[in-house]
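Novice: kindly generate the corresponding structure for this input.
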Amino acid sequence: MADRRRILTTRRGLIKTAGVAAGAAALVQLLPGCSHPSGSDTSEPVVVDDSQSTNILESYQQVDLQISETGSYDLSLGCAPREGSPTWVAAIEQGDSASHLFKATAVSLLSGNSSDVVTRCMSGTSNWVIYDAHCSDEVFAWVELNTLDRSWRLYGAPFADGALTAQAMELWQSDANYDPPQACCAGPRVIWQVMPSTSGSKTNDSSYCYLWRSGQGSAKSVVESRGRFAAAPCASASTVTLCPRVRNDEGTYYGITAYSLDNDMGSVIDQLVLPVSVRPMCAVRIGDEFAFSIEANYSSGGLLASMGTYIGHGTGPFVRLAREPFAGVAGNGRGLYVIKSVSSYFVVDTVARTYSILAAASHTVDYGEYPATVGLVQTFATFATLKNVDTGYPSSVTLRTFAL
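Specialist: Numbers count the residues shown, from 1 in each chain. Below is the predicted model of the structure:
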C-alpha cells in the first residue's frame, strides 16, 4: 500500500507558501483496505448471446437531432476540462510562468467563465507540476506530479463558486511504484483509486479505492481489488461505479459495481460481472441501468465480449452501439443517452427507439471533441480544440452545452 501523509494548510498557504506545511506534517498510516462491501462479490458472470441485445444501428430509426445547444464558450488554448459536475468542471490549463507550467481551474457550465483555483504546486516548485484535477460543486481535488522521480501527491479542499473555501489537505502521496490516482468528486466527497504501476516493484499488490469527505481529518479505504481496477471511478447522482477484480479464486473477472454514496460507499446498489478476461474501458450507472464500454473483441464470452457500448443491467436485455468506444456515457435517466463515436456523438432514445447524430464542432477532426460531463446529467457538455482555418494551427478551445 502506498505511504500517505495528511497535511493541513490555509488557503493563503496554498497560493504563497504551500511547501512550508509539509515539513511539519505527521505521518499517518491508513488501515488496510477492506474487501468489497457485503453482497458485491457474489454475482455470476453474464454470458449471453445476441438474442439478448438490440443493435442501435440496425433496429433504431435515425431522426433529426434530439437535443438542443444551450451555450458555446471560448476557453483558453490548451485548456483541458475533466469530466465533472452539473455546474462546474475542473480543467488543466497553461500556467502563468515557466516555474508553474500548469494550473488547475474551474469552468462554469452555466456561463463558460473560467476561474483559477490552484496556480502553484503545494509540493514545491522544483520539478513538480499540477497533473490532474477534478471537482464537484462542493469539493475540488488535484494531483501534483514530480517529473523527475514520478512521485505524486493528491490534495483536496472544500470548493464553491469557482474557488477553494477552506483549508486544503494532502490526501495521499506515493512514489513511482504506484500510478497517479484515478479520481472523481461527488458532492462533498473525493474518491480515488491507488493502483500499483505495471512496471514498478509492487506489481503484485492489491489496488484500493479511498473516500475522503470534506471536513473529515482523514480518508477511509472502501474497496479492495486484488489487481488493478479496470476503469476510473465514475460518480452519477447518488452512486459511484467502480470496476474491481472479483471472483478471484476462479479467474480474471471484472465486476461493474455501483456503490451507494448515501452511506459513503458502504453498500452495493448493483453489480454486473463480465465474462472471464473481458475488461471494461469505462462504466457508469444512469438511473437503473449500467452504461459501459468494451474496447476490444474477445475470443469467447458471448455478447459482452464484443467491442461496443452497452446499456442494461442483470442478464439483459442490452442495447448496444457496435462502434469503437472513446469516452463515458451521459444520460438524463429517462431513456436518453449520449455516446461518443469517432468524430461525433450518437444521441440514443431507448424509449422511442430512435437515434440522431450530434456532429463535432467545426475543424476538430485532428484533435477530437470529448465529453466534459458523464453519468446522470441534465446538461451535456463537450470541449474541442479548434484549428485556425487559414494556418491550420490550434487556435482556441470551445466548450458546448446541450440540454438533455
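
Novice: shaky segments in the protein?
Specialist: Applying pLDDT under 70 to the chain flags residues 1-42, 363-366.

Novice: what segments of it are helices?
Specialist: 11-15, 56-59 (DSSP state H).

Novice: E170 versus the residue nearest to L171 when sequence neighbours are not counted, what's the distance?
Specialist: Using C-beta to C-beta, 6 or more residues apart in numbering and skipping the chain neighbours, the partner closest in space to L171 is L154 (4.7 Å). Every C-beta, even on glycine, is put in place using the N, C-alpha and C of the backbone. Going from L154 to E170 by C-beta to C-beta, to the nearest Å gives 7 Å.

Novice: what about those two, which has more around it?
Specialist: Neighbour comparison, L154 and E170: the larger count goes to L154, with 26 against 22 (by other C-beta atoms under 10 Å).

Novice: make sure that one is actually in contact with A141.
Specialist: Yes: with contacts defined as C-beta atoms under 8 Å, L154 counts as touching A141 at a distance of 6.6 Å.

Novice: between the two, what contacts are shared?
Specialist: In terms of C-beta atoms under 8 Å, 6 or more residues apart in numbering, L154 and A141 are both contacted by the residues L171, A183, V190, W192.

Novice: most surrounded residue in the residues you listed?
Specialist: That'd be V190 among the shared contacts of L154 and A141, by other C-beta under 10 Å, with 29 neighbours.

Novice: hang on, that one packs against L171?
Specialist: Yes: between V190 and L171 there is a contact under C-beta under 8 Å: 6.5 Å.

Novice: give me the common contacts of those two.
Specialist: With C-beta under 8 Å, 6+ apart, V190 and L171 have common neighbours A141, L154, G156, W212, A219.

Novice: pull the number of nearby residues for the closest residue to the last one other than its chain neighbours.
Specialist: In space, not counting the residues next to it along the chain, A219 is nearest to W212; the distance is 3.9 Å by C-beta to C-beta, 6+ apart. Here the count is done by other C-beta under 10 Å, and W212 has 24 residues near it.

Novice: could you do the one 10 residues further on as well?
Specialist: Using other C-beta under 10 Å as the criterion, V222 is surrounded by 20 other residues.

Novice: how much space separates it from D64?
Specialist: Computed with C-beta to C-beta, the distance linking V222 and D64 is 44 Å.

Novice: ok, now S197?
Specialist: Applying C-beta to C-beta to S197 and D64 gives a distance of 48 Å.

Novice: what do you get for A183?
Specialist: A183 is 38 Å from D64, by C-beta to C-beta.

Novice: now N248
Specialist: 49 Å.
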